[in-house]
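# this is a predicted model, with the sequence first.
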Amino acid sequence: MNSTVRGLIAKHGGLPVSVETLADDADLYEAGLSSFASVQLMLALEDAFDVEFPENLLNRKSFASIAAITAAVGSLVSDAQVA
Amino acid sequence: MDKQISFLDQLFDRGILYDSAVDGLYARSGIFEDVIARFEDLAKSFGKDETSEAMVFPPGLPMKDFETSGYMKNFPQLAGTVHAFCGNDHDHAGLLQCLASGEDWTKNQKATDIALTPAACYPLYPILARRGPLPATGAYVALQSYCYRHEPSREPTRMQMFRQREFVRVGNSEQAIEFRETWKKRGQEIMKLLQLPCHVEVANDPFFGRAGKIMGSSQREQELKFELVVPINSEASPTACMSFNYHMDNFGKAWNIRQADGSHAYTACVGFGLERIALALFRHHGLETENWPTNVRKVLWG
């Protein structure tokens, strides 16, 4: 999942730096992620993992790092499997 | 009947506003316009030492500039565009037939190159960009425009067509932030003179859809927008009558406005919702302006 997430960030994040240079806990906003790009990224994540971000995850924190994104998507994927 | 509707009805009954077939689209009386004109003079007097120029815009802006603003990314639900008949005799006959039979006659109307202005400062940015790099002092513009937002409502404070008076600061980030902080204070001073209860709070724009939740929460987290709110329709949800916005370099980048050193300009604006402020005055001081508190009258009419 981590590599898929990284691939989507590279494609939709509009970052001026290469995603490979970023640690999992690096602050993506400091790395140049705009609010609008985080929205594009969310839509791409939903398509890639066939999930829908619920209201409580629609905030800046959910997209603050690769680790945060992976955790958010991870919780949605496992919810989907349980259901 | 709830309170909001009764206030609107009072305004109609007293002849301050005139109702129409469309919610949020009202004619204004001379009394109402006089209050707005007096308030505008008051607001202008607070910024007169810094203002480098003044502009008033028509209620539409070039479609290209509207596209550049990025408004459709964030607020497609509020936008309005101007459409017009561009057909021939045959099309005209068809149109008249539709009108006569009560069918939809608008389906063949074509988009023109004009969009309705959604926020008063948008027409300013392309004008500044065309001039080339700003002087080191930046720009400090007083402006006013009619604006349109597609949100029909019977709440008198939520009109579809309304005016915003603004001051806009364009320059470096320090200039923009300092401007915003100054106006947060001035806004409260103005309301104190008008004896209107108010407070300033962090706010977010009504971004569209689920994605808009992220945009809104990040705007709040970064404290980019503050609103001065006054209870008009209710105490529980007071109405934003002024807003103090820091756009970072978003508009500088969108329109390619450059600072003297060539980098993208930073912008901030303070917006006064003119109809809302007039309504706040009528709500708190009564429908008869001659009975308003002496000091309020003095501030407005001298």
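That came in fine, so what should we check first? These numbers come from a predicted model, not from an experiment.
# C-alpha from now on. contacts and neighbour counts both.
OK.
# quick one: mean pLDDT for the longest helix anywhere in chain A?
Across chain A, the longest stretch assigned as helix under DSSP state H is helix A:66-82. Average pLDDT, helix A:66-82: 87.
# for it, buried residues please.
Neighbour counts over helix A:66-82 (16 or more other CA atoms under 10 Å in any protein chain shown) mark A:Ile66, A:Ala67, A:Ala68, A:Ile69, A:Thr70, A:Val73, A:Gly74, A:Leu76, A:Val77 as buried.
# show me what contacts the second one?
For A:Ala67, the contacting residues are A:Asp24, A:Asp25, taking CA atoms under 8 Å, 6 or more residues apart in numbering or on different chains as the criterion.
# if I look at A:Ile66, how far off is chain B?
A:Ile66 sits 17 Å away from chain B, going by CA to the nearest CA, to the nearest Å.
# surely that residue is in contact with A:Asp24?
Yes. At 4.9 Å, A:Ile66 counts as touching A:Asp24 under the criterion of CA atoms under 8 Å.
# and of the buried residues of helix A:66-82, the nearest to chain B?
A:Ile69 (13.7 Å; CA to the nearest CA).
# nearest spatial neighbour of the closest one, chain-adjacent residues omitted?
Nearest residue to A:Ile69 in three dimensions, chain neighbours excluded: A:Phe63, at 5.3 Å (CA to CA, 6 or more residues apart in numbering or on different chains).
# surely that neighbour and A:Ser38 touch.
Yes. At 6.6 Å, A:Phe63 counts as touching A:Ser38 under the criterion of CA under 8 Å.
# now check stretch B:240-250, is it near chain A?
No. Using CA under 8 Å from any CA of the partner chain, stretch B:240-250 stays clear of chain A, coming no nearer than 10.3 Å.
# can you list the neighbours in contact with that stretch?
B:173, B:176-177, B:180, B:183-184, B:187, B:224-230, B:264-274, B:276-277.
# strands - which of those residues land there?
Under the assignment DSSP state E, those contribute B:225-230, B:266-273 to strands.
# okay, the residues you listed in a markdown table with distance to B:Phe244 next?
Output for the ones in strands among the contacts of stretch B:240-250, formatted as a markdown table (distance: CA to CA, whole Å):
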| residue | distance to B:Phe244 |
| --- | --- |
| B:Lys225 | 6 |
| B:Phe226 | 5 |
| B:Glu227 | 6 |
| B:Leu228 | 8 |
| B:Val229 | 12 |
| B:Val230 | 15 |
| B:Tyr266 | 14 |
| B:Thr267 | 11 |
| B:Ala268 | 8 |
| B:Cys269 | 6 |
| B:Val270 | 5 |
| B:Gly271 | 7 |
| B:Phe272 | 9 |
| B:Gly273 | 12 |
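# closest to chain A among those?
B:Lys225 (14.6 Å).
# okay, which residue is most central for chain A?
A:Ile69 (3.9 Å; CA atoms, centre = their mean).
# tell me where the chain is predicted with low confidence.
This is for chain A. A:80-83 (pLDDT under 70).
# my question was about chain B
B:1-5.
# ok, whichever residue of chain A sits closest to chain B - contacts?
Shortest chain A-to-chain B distance, computed as CA to the nearest CA: residue-wise this is A:Asn59, at 4.5 Å. A:Asn59 sits next to B:Lys213, B:Ile214, B:Met215, B:Ser217, B:Ser218 when contact means CA under 8 Å, 6+ apart.
# which residue sits closest to the first one, ignoring its sequence neighbours?
Spelled out, that is B:Lys213. A:Leu58 (5.7 Å).
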